[in-house]
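Asks: Sequence and predicted structure, then a few things I'm wondering about:
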Amino acid sequence: MIKQQLQNTPGYRDIPPKKIAYGVGLEQAGTLIKILMPLCVIVFSGMSVVVLPVAGIVLSGLFEQKDIGQLLNAEVLSTPSVMFALAVWPALIVIMLALMSRVKSIGLREQRRYYKLGKVTELSNEQRLALRLTAVDGFNDGAWTQTLEYWPCEVRVPDHMDRFKFFQVTSKNERRAMLDEWWGIVNTKQYQEMVESLYQGLHSSLLVDDMQSEHREAMVERIAGLAQLPETYVADCFETQQGKPPKLLWGFDLYRIIAIARSAYMSGYISEQESWSEILKVADIIHYLFDDYEDFYHNYRLGNAFWSNNFETAREKLERWQFFDKKCKWRVRKLAWPQPDEVDLPKSIRHACVNDDDTEEPRVGFI
């Protein structure tokens, strides 16, 4: 079971997670609590009719410096019903507070239960650094960045789906529908083909073509404007720096491999080990190519602007970065950026998507 602190409750951003609103928790509470809580409120309200006036009598007597023994021997305090109310009333307060606390902490209990039933283990530092690359989207969406899955999923707890009331445990079919809608992936083979096309520079290769065309200047001006980045930044993405290959749009292409590798695991198309193997490989390349997290995410936004060619889409990515940069206090953000000296790079990255063969390699365009 995972040993580190709990993650954010899915859909929320607080780490450590906070208790949820009482009304939200009560909707997902068990039948017994749904019966007990109103019953306690009714009994408590009824007894308050007796207890509060009696308390008023006692307090007024104390203010008048009357002997407490005389007050307690007064006829109004000596009846069995009044004595019963005085004894039970404070107990009801304790019971109601305990029930409220249990209702509001349902998200924390179910997250611990998910970790236990799913046998979730603590991440290695290498894995933590890899998933940190998804922190901007994770923070904005309230998704997880401390487990392979970004949302509680059926694949992790296939035999325990009925054990979760508050947690929205996503099913394999829901994840498969998402992969199909966004990527056209409906099986393991298509996942592998998409990963390979991204390694080949699905979008970086198209940018290289455009940079070699007569429309180069117009294209640079437009995508820089869409991403709200300097045109010099776009030009620098085509330069070899410190002996490393040009960055092109590798931040965009490689990040998407991480995204679909996580989703493919949640869909049941690949194993946990296969997903981690791909993610760690990609993370090493990203850490090698880019100077820091901001440099990486700017390149991702540039790729998004090139792919979408749409101001609103590009603006949304900028706002997500700005919100993350201003508000995120997650510990994962404070991790140092690794700077590996050497990484085994695919040929497409080493050669900046330029084919050295006499014949042109086939290239995959937009989906």
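Replies: Good, I have the coordinates. Numbering: from 1, shown residues only.
Asks: gap between Trp175 and Gln273?
Replies: Careful, residue 175 is Arg; it's not Trp. According to CB to CB, to the nearest Å, Arg175 and Gln273 sit 18 Å apart. Any C-beta I mention is one placed from the backbone N, CA and C, and that applies to glycine too.
Asks: So which of those two has more stuff around it?
Replies: Comparing Arg175 with Gln273 by other CB atoms under 10 Å, the one with more neighbours is Arg175, at 23 against 8.
Asks: In this structure the more buried one contacts Ser267, no?
Replies: Yes - with contacts defined as CB atoms under 8 Å, Arg175 counts as touching Ser267 at a distance of 4.1 Å.
Asks: Now Val157: phi and psi?
Replies: Dihedral pair for Val157: phi -130, psi 60, per degrees, to the nearest 10.
Asks: cool, and Ile258?
Replies: Per degrees, to the nearest 10, the backbone of Ile258 is at phi -60, psi -40.
Asks: now swap in Glu239 and tell me
Replies: phi -100, psi 140.
Asks: Report how many residues lie close to it.
Replies: Using other CB under 10 Å, the number of residues around Glu239 comes to 10.
Asks: Contact partners for the closest residue to it other than its chain neighbours?
Replies: Closest residue in space to Glu239, ignoring its immediate chain neighbours: Pro246 at 6.0 Å, by CB to CB, 6 or more residues apart in numbering. Residues near Pro246 by CB atoms under 8 Å, 6 or more residues apart in numbering: Cys237, Phe238, Glu239, Thr240, Ala352.
Asks: Would you list the buried entries among those?
Replies: The neighbour count (16 or more other CB atoms under 10 Å) marks Cys237, Ala352 as buried among the contacts of Pro246.
Asks: just the contacts of Pro246 now: which is nearest Gln322?
Replies: Nearest to Gln322 among the contacts of Pro246, counting by CB to CB, is Cys237 at 21.1 Å.
Asks: burial measure for Phe353, as a count.
Replies: No, residue 353 isn't Phe; it's Cys. Counted with other CB under 10 Å, the neighbours of Cys353 add up to 25.
Asks: so it touches His203, yeah?
Replies: No - with contact defined as CB under 8 Å, Cys353 does not reach His203; the gap is 9.9 Å.
Asks: Next, give phi and psi for Cys244.
Replies: Quick fix: residue 244 is Lys, not Cys. For Lys244, the backbone dihedrals (degrees, to the nearest 10) come out as phi -100, psi 150.
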